[in-house]
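Trainee: Coordinates for the following, if possible.
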Amino acid sequence: LETKATLSSMTRVLSEIEAQESYVFGVTPVAFVGKFPAVQSRIPHTEKYIPMQNGMEHSFSVSFPVAYQSYFSNVLQYPITLYDTDATNEIAQKDIVKSMPVFPAKGSVQTIDGVIVVKMGEP
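Mentor: The predicted model follows:
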C-alpha cells in the first residue's frame, strides 16, 4: 500500500514538473522544498524490510534529496536534475516559495528563477 501510494504521488509530481513551460527533460533543475507527510506514523513490522528507494523508509514518502534522486532514477526510471541542497535551502527562504501552497494544491509546482520548485510540505 505504501509503495503504491508513493508511486501514485510521485507520478503526479512528475506530471506537474513536466507541465512547466520552461522544463527541459533532464536539464532543468528541480528543488523539492519541505517534507511530504508520513503516510502514517508507524507501519508495523516494516522497519527492516522496506528499502529507501521504495520511498517509504521511516514510513515517509520520498522526503530528502538522496531519496528523491534514487526514486526518480530507480523506480520511475526518469533522469531528473536536482537542485543542490544549499541552493534548495536558499530558494526555500524566498517569500514566493514560502507563500506557495503544499502539493497537491494548484500552484505547488512553480518555476522560480529557472528552477522548478515543488513544495512538498512546510520546511
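Trainee: which residue is nearest the middle of this protein?
Mentor: F32 (4.9 Å; CA atoms, centre = their mean).
Trainee: avg pLDDT for the strand or helix carrying that one?
Mentor: Using DSSP states H and E, F32 sits in strand 29-33. The pLDDT scores in strand 29-33 average 95.
Trainee: do stretch 88-102 as well
Mentor: For stretch 88-102, the per-residue pLDDT averages 96.
Trainee: Residues in contact with that stretch: which ones?
Mentor: 31-34, 65, 82-83, 107-108, 110, 112-113, 115, 117, 119-123 (CB atoms under 8 Å, 6 or more residues apart in numbering). All C-beta spots, glycine's among them, are computed from the backbone N, C-alpha and C.
Trainee: Pull the distance from it to the chain's centre.
Mentor: When distances are taken as CA atoms, centre = their mean, to the nearest Å, stretch 88-102 is centred 14 Å away from the chain's centroid.
Trainee: wait, isn't Q69 in contact with Y83?
Mentor: No - applying CB atoms under 8 Å, one finds Q69 not in contact with Y83, separated by 11.2 Å.
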